[in-house]
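A.B. asks: Need a 3D model of the sequence below.
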Amino acid sequence: MKSNPPPQTHPIPKIAGLFWAFLRLGLTAFGGPAMIAYIRKMAVDEKHWVDDVSFGDGVALCQIIPGATAMQTSAYVGLRARGLRGAAASFLGFGFPAFLIMMVLSSLYVRGHELPIAVSAFAGLGALVVAIVANATISFGARTLPKWQGLLIAFAAAGLFGLGTSPLAIILLAALLGLFLFKAKLLPAELAAAPHKLYPLRSFIVLLVVTGAGLTLLLIADPRLFKLAALMAKIDVSAFGGGFASVPLMFHEIVDVRHWLDGPTLLNGIALGQLTPGPIVITATFLGYMLYGPLGGIVATISVFLPSFLVVVGVTPYYDRLRMSGHFQKAIEGILCSFVGLLLSVTVRFAMNVSWEIPRILLAVAAFVALRLKVNILWVVLIGATISVLVF
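C.D. replies: The predicted structure follows:
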């Protein structure tokens with residue numbers, strides 16, 4: 001009697017492989033949540049580290065919880081591929097380029113020069129970013145919106161995002177519409193058979209203890225840095241809707257409430273946050289640097305990303321238990337459609353901030369066509385940035 005073949009497994013990457021793959025992707029991470037489509041291309045289509053169903057679950061989870069969605073998605077992929085160490089490697093790799101570039105730009109800003117050059121360079125890169133986000137919207141939407149129900153939710157969400165509606169309210173509405181408009185799907189057999197085994201609970205508890213110990217030491221060593229860390233953590237756990245939601249929170253807390261920086265200075269930091277790859281919440285690095293130098297930049301960066309990382313790795317095992325529910329599946333499908341709406345609204349928002357002269361139009365069209373033809377995004381960004389510097 002022949003035994004049944006074992007269930008299909010995914011390649012198990014090395015920890016260093018995860019770090020370098022996400023580092024390379026992080027170098028081109030312009031457009032905020034748009035990068036999720038490119039993470040999917042790498043992790044699902046090229047590397048086969050996770051399947052499409054699991055990735056979709058992860059995107060929905062990362063949209064529900066507060067924090068920078070693309071950063072959290074990188075942690076989710078690493079968690080699926082190699083557990084807690086894989087999550088840390090992917091998360092650090094994806095965010096490191098933005099952190100390093102922002103530290104350099106902050107140093108130049110303190111010295112009183114180079115900022116005008118950087119901001120003018122971004123004026124040229126803006127058209128390139130619009131092409132990246134537009135391509136991500138089409139790519140992600142093509143997989144997520146096969147029926148009119150999905151289009152309805154996506155356009156409704158895009159309109160609500162454009163009107164400034166609370167992201168949490170939009171997500172809840174999308175989940176409710178999903179319950180009424182969609183039918184539950186049968187999960188692949190290997191997913192239905194057993195939940196994912198991610199990591200021992202003990203590892204997560206150790207991570208929490210280390211985090212608590214680090215904060216305690218920071219409080220003893222420098223109460224000012226502790227206050228900075230606590231505020232950045234508060235902003236992170238309050239930022240429903242991704243990194244863009246954190247910017248007004250940061251401005252309110254830093255400028256209006258605590259008066260740590262004046263408005264124009266923080267706005268310059270936000271401009272630099274758009275210049276760098278990665279989430280716009282990397283503005284926290286600039287803020288910390290302005291207040292307490294390089295050490296402040298490091299503390300602020302860790303503090304603004306660590307809470308959402310902990311939420312992802314802490315919530316995912318419980319999230320897995322819900323995925324077998326038909327009602328839960330329909331709600332998640334609705335949430336994924338609202339994410340396409342978010343991408344569409346971001347595309348429009350970015351496009352409205354670009355001065356559409358002929359050279360920028362040509363650059364955007366060329367970049368968009370190259371991306372649709374599957375040219376690697378790293379080459380598109382490098383060539384586009386070079387053209388931007390030369391032309392603009």
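A.B. asks: what number of residues lie near Q149?
C.D. replies: Q149 has 18 neighbours, counted by other Cβ atoms under 10 Å. (Glycine included, C-beta is placed from N, CA and C.)
A.B. asks: likewise Y292?
C.D. replies: Neighbour count for Y292, taken as other Cβ under 10 Å: 17.
A.B. asks: any idea which element it lies in?
C.D. replies: Under DSSP states H and E, the secondary-structure element containing Y292 is helix 283-322.
A.B. asks: List the buried residues in stretch 348-366.
C.D. replies: Neighbour-count burial for stretch 348-366, counted by 16 or more other Cβ atoms under 10 Å, picks out V348, F350, A351, V354, R360, L363, A364, A366.
A.B. asks: Give me the distance between the second one and A29.
C.D. replies: With distances defined as Cβ to Cβ, to the nearest Å, the gap from F350 to A29 amounts to 14 Å.
A.B. asks: likewise the third one?
C.D. replies: Distance check for A351 against A29: by Cβ to Cβ, it reads 19 Å.
A.B. asks: Over to the fourth one?
C.D. replies: Taking Cβ to Cβ as the measure, V354 falls 19 Å from A29.
A.B. asks: same check, this time on the last one
C.D. replies: Taken as Cβ to Cβ, the spacing of A366 relative to A29 amounts to 20 Å.
A.B. asks: which secondary structure elements does the helix holding Y292 contact?
C.D. replies: Secondary-structure packing of helix 283-322 (3 or more Cβ pairs under 8 Å, 6 or more residues apart in numbering; DSSP states H and E): helix 52-64, helix 69-110, helix 201-221, helix 223-238, helix 243-251, helix 263-275.
A.B. asks: Dump those to JSON lines, plus mean pLDDT, distance to S139 and mean neighbour count.
C.D. replies: Compiled in JSON lines, those are given as follows (pLDDT from 0 to 100; distance: least, Cβ to Cβ, whole Å; neighbours: other Cβ atoms under 10 Å):
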{"stretch": "helix 52-64", "mean pLDDT": "82", "distance to S139": "13", "mean neighbour count": "23"}
{"stretch": "helix 69-110", "mean pLDDT": "91", "distance to S139": "14", "mean neighbour count": "23"}
{"stretch": "helix 201-221", "mean pLDDT": "89", "distance to S139": "33", "mean neighbour count": "12"}
{"stretch": "helix 223-238", "mean pLDDT": "89", "distance to S139": "28", "mean neighbour count": "19"}
{"stretch": "helix 243-251", "mean pLDDT": "68", "distance to S139": "20", "mean neighbour count": "20"}
{"stretch": "helix 263-275", "mean pLDDT": "72", "distance to S139": "22", "mean neighbour count": "18"}
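A.B. asks: distance of W148 from I270?
C.D. replies: For W148, the distance to I270 under the criterion Cβ to Cβ works out to 38 Å.
A.B. asks: cool, and L390?
C.D. replies: Note on L390: its distance to I270, by Cβ to Cβ, is 26 Å.
A.B. asks: ditto for L100
C.D. replies: As for L100, its distance to I270 is 19 Å (criterion: Cβ to Cβ).
A.B. asks: go on, L306?
C.D. replies: Where I270 is concerned, L306 sits at a distance of 21 Å (Cβ to Cβ).
A.B. asks: tell me which residues in stretch 159-176 are buried?
C.D. replies: Across stretch 159-176, burial judged by 16+ other Cβ under 10 Å covers L160, F161, P167, I170, I171, L172, L173, A174, A175.
A.B. asks: so what's the second one closest to, chain neighbours aside?
C.D. replies: Leaving aside its sequence neighbours, F161 sits nearest to S345 (Cβ to Cβ, 6 or more residues apart in numbering; 3.8 Å).
A.B. asks: Residues touching the strand or helix carrying L160, excluding its own?
C.D. replies: Element membership for L160 (DSSP H and E) is helix 148-162. Here helix 148-162 makes contact (Cβ atoms under 8 Å, 6 or more residues apart in numbering) with 141, 144-145, 167, 169-170, 173-174, 177-178, 181-182, 333-334, 337-342, 344-345, 348-349.
A.B. asks: circling back to that earlier point, would you reformat the helices and strands packed on helix 283-322 as a markdown table and include distance to I132?
C.D. replies: Supplementary listing: these in a markdown table, determined by distance: least, Cβ to Cβ, whole Å:
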| stretch | distance to I132 |
| --- | --- |
| helix 52-64 | 18 |
| helix 69-110 | 12 |
| helix 201-221 | 33 |
| helix 223-238 | 25 |
| helix 243-251 | 16 |
| helix 263-275 | 13 |
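A.B. asks: quick one: which of those is nearest A127?
C.D. replies: Among the helices and strands packed on helix 283-322, the nearest to A127 by Cβ to Cβ is helix 263-275 (13.3 Å).
A.B. asks: Any of the contacts of helix 148-162 buried? List them.
C.D. replies: Under a neighbour-count criterion of 16+ other Cβ under 10 Å, the subset of the contacts of helix 148-162 counted as buried comprises 141, 144-145, 167, 170, 173-174, 177-178, 181-182, 333-334, 337-342, 344-345, 348.
A.B. asks: Need the max-distance pair from the buried residues of stretch 159-176.
C.D. replies: Considering Cβ to Cβ, no two members of the buried residues of stretch 159-176 lie farther apart than F161 and A175, which are separated by 15.6 Å.
A.B. asks: Could you report the pLDDT at L261?
C.D. replies: Taken from the predicted model, the pLDDT recorded for L261 is 86.
A.B. asks: Now do the SS call for it.
C.D. replies: coil (DSSP: H, G, I helix; E, B strand; the rest coil).
A.B. asks: Enumerate every residue touching it.
C.D. replies: The neighbourhood of L261, defined by Cβ under 8 Å, 6+ apart, consists of I254, V255, G269, L287, M290, L291.
A.B. asks: swap the cut-off to 10 Å and go again
C.D. replies: Contact analysis of L261 by Cβ atoms under 10 Å, 6 or more residues apart in numbering lists F251, I254, V255, L267, N268, G269, F286, L287, M290, L291.
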